[in-house]
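>>> Sequence below, structure please.
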Amino acid sequence: MTASPVEAAGGAGDATSVQVRTARDDELEAVAELTERGFGAGPYGPTTDPERLRLLRDTPGRAAAGDLLVAVEDDRLLGTLSLLRPGTGYTRQARHDEAEVRLLTTGPEARGRGVGAALVAESIARARAWGVRALVLDTGPRNVASQRLYHRLGFERAVERETVVVPRGIGRLAVFVYDLDRTGLRVRLIAPHEHDRVAQLSVDAYGHDYDLPADYRASLADVASRAREHEVWVVEDLATGELLGTVATPRPGEHISDLGRPGELDFRLLAVDPAARRRGIGVLLTEHVLALARQRGLERVVMNSGPQMTGAHALYHRLGFVRLPDRETRVVHGGTLLAFGYDLAPLTQGARS
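Numbers count the residues shown, from 1 in each chain. Reported below is the predicted structural model:
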């Protein structure tokens, strides 16, 4: 398969000269060294475990079990991952109809250039060509940057599959799945080049039904700040690539509004493109927020809504949210903000990440 430019995966900075391809036989030792060095510079640091070191350095075995990908610039190795076929002995999560990504790493000197995104995007394309149903991977709970990358590229967290606990201080692995068969809609994190589009979508969505004061319009349009400080999710139409909806949530352990309390996830600014209404986008985004809260082991999801937003109120009531009158204390344009809450059933211990 021909090499792929990193810019096709939404890479950043000066990454346009980086290519992704299959590793050559004469590069296997260098790829092993890069893998060991990259993981040694990660959140878990260098390893002295003999079994782990054998896996990190076994590039011939991983190449034979699927496809050993490298990101290169003028033949200088910047990153690598292993795309593995099920049943080869190198997979940890893959079922019979799934491919698996393992040992994704970027050299410390090449981080921040979109190299990891390019490698994962190429693995999606190659897994699709294999004819498997899904691509799966796992990662340690402290690999926060990797988890954000997977969310941005359209992977979904599969908490129900998180049964592997790794020693050496790593803990229970988080599992992510990319459904290669799915058509329709996907919820993922926003990409930087989409900030303007989501700003316009948000303004259009709220302005379609309500007169927007200038300060609120400016707040809706400030997607770049929200994405920098919190999490901005989008709904993508997989058939057209169009963005149809958005919602903002806090990063783990934080809040996005004054409404949030310990044990709660608060969300803001759920918006659906007026042209995409009646396609279940609002339900999809709200259910995504509930799933995030469950994954984080939280007890309740809360949000404020303007008193005039009766359509949104009906949606929240239909999904099981209830009013929280004792927390309705903030007055804005149009009246007092309503507060809604959804109490989550506790997860079993085995399902926690």
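>>> name the element the residue most central in space within the chain belongs to?
In the chain, the residue lying closest to the centroid (Cα atoms, centre = their mean) is residue 151, at 0.9 Å. Residue 151 belongs to helix 144-153 when assigned by DSSP states H and E.
>>> Check which helices and strands that helix is in contact with.
helix 115-130, strand 134-139, strand 174-179, strand 185-189 (3 or more Cβ pairs under 8 Å, 6 or more residues apart in numbering; DSSP states H and E). C-betas here are computed from N, CA, C, even on glycine.
>>> Distance to residue 226 and mean pLDDT added to the ones you listed, as CSV?
Listed next are the helices and strands packed on helix 144-153 as CSV, based on distance: least, Cβ to Cβ, whole Å; pLDDT from 0 to 100:
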stretch, distance to residue 226, mean pLDDT
helix 115-130, 21, 90
strand 134-139, 25, 96
strand 174-179, 23, 95
strand 185-189, 12, 91
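>>> quick one, helices of the stretch 151-300 of the chain?
195-207, 214-221, 223-229, 281-295 (DSSP state H, counting those that start in this stretch).
>>> could you redo the ones you listed as a markdown table and give each row mean pLDDT and distance to residue 78?
Shown next, in a markdown table, are the helices of the stretch 151-300 of the chain (pLDDT from 0 to 100; distance: least, Cβ to Cβ, whole Å):
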| stretch | mean pLDDT | distance to residue 78 |
| --- | --- | --- |
| helix 195-207 | 96 | 26 |
| helix 214-221 | 94 | 36 |
| helix 223-229 | 97 | 25 |
| helix 281-295 | 91 | 31 |
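>>> who's in contact with residue 287?
Going by Cβ atoms under 8 Å, 6 or more residues apart in numbering, residue 287 touches residue 319.
>>> Against residue 326, how distant is residue 262?
Counting by Cβ to Cβ, to the nearest Å, the gap from residue 262 to residue 326 is 17 Å.
>>> before we move on, what about residue 92?
Residue 92 is 47 Å from residue 326, by Cβ to Cβ.
>>> the more surrounded of these two?
residue 92 (14 against 7; other Cβ atoms under 10 Å).
>>> what helix or strand is the more buried one on?
Per DSSP H and E, there is no helix or strand for residue 92.
>>> Do I have it right that it meets residue 164?
Yes. Applying Cβ atoms under 8 Å as the test, residue 92 and residue 164 come out as touching, 6.4 Å apart.
>>> For the stretch 1-150 of the chain, give me the ranges with low pLDDT.
1-16 (pLDDT under 70).
>>> Run through the residues that contact residue 190.
Applying Cβ under 8 Å, 6+ apart, the residues near residue 190 are 152, 198, 223, 227, 232, 233, 234, 246.
>>> Go again with 10 Å.
Going by Cβ atoms under 10 Å, 6 or more residues apart in numbering, residue 190 touches 151-152, 197-198, 223-224, 226-227, 231-234, 236, 243, 246, 248.
>>> for residue 231, same thing?
148, 151, 189-190, 247-252, 254, 256, 267, 292.
>>> change it to 8 Å
Residues counted as contacts of residue 231 (Cβ under 8 Å, 6+ apart) are 189, 248, 249, 250, 251.
>>> Any of these buried? List them.
Neighbour-count burial (16 or more other Cβ atoms under 10 Å) applied to the contacts of residue 231 gives 189, 248, 249, 250.
>>> Next, format those residues as TSV and append distance to residue 160.
Shown next, in TSV, are the buried ones among the contacts of residue 231 (distance: Cβ to Cβ, whole Å):
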residue	distance to residue 160
189	21
248	26
249	21
250	24
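>>> So which of those sit within strands?
Counted as lying in strands by DSSP state E, out of those, are 189, 248, 249.
>>> In TSV, list these along with distance to residue 66.
Shown next, in TSV, are those (distance: Cβ to Cβ, whole Å):
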residue	distance to residue 66
189	27
248	37
249	35
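>>> pretty sure residue 35 contacts residue 106?
No. Look at residue 35 against residue 106 with Cβ under 8 Å: they stay out of range, at 10.4 Å.
>>> number of nearby residues for the residue lying closest to residue 116 once chain neighbours are set aside?
Leaving aside its sequence neighbours, residue 116 sits nearest to residue 106 (Cβ to Cβ, 6 or more residues apart in numbering; 5.3 Å). By other Cβ under 10 Å, the residues close to residue 106 number 24.
>>> Tell me the spacing between residue 106 and residue 145.
10 Å.
>>> For residue 119, which residues are in contact?
Residue 119 neighbours (Cβ under 8 Å, 6+ apart): 20, 69, 71, 79, 80, 81, 104, 106.
>>> Helix, strand, or coil at the fourth one?
Spelled out, that is residue 79. Classification of residue 79 by DSSP: H, G, I helix; E, B strand; the rest coil places it in strand.
>>> do you know how far it is from residue 48?
24 Å.
>>> one step back: per-residue confidence at the residue nearest to the centre of the chain?
On pLDDT, residue 151 comes in at 93.
>>> Name the nearest residue to it, ignoring sequence neighbours.
residue 189 (4.4 Å).
>>> okay but the one you found is in contact with residue 154, surely?
No. The criterion here is Cβ under 8 Å, and residue 189 misses it with residue 154 at 9.1 Å.
>>> how deep is residue 196 tucked in, by neighbour count?
Neighbour tally, residue 196, other Cβ under 10 Å: 11.
>>> what's next to the helix holding residue 151, contact-wise?
Contacts of helix 144-153 (Cβ under 8 Å, 6+ apart): 9-10, 43, 104, 116-117, 120-121, 124, 137, 139, 157, 174, 176, 178, 188-191, 252.
>>> now with 6 Å?
116, 120, 139, 176, 188, 189 (Cβ atoms under 6 Å, 6 or more residues apart in numbering).
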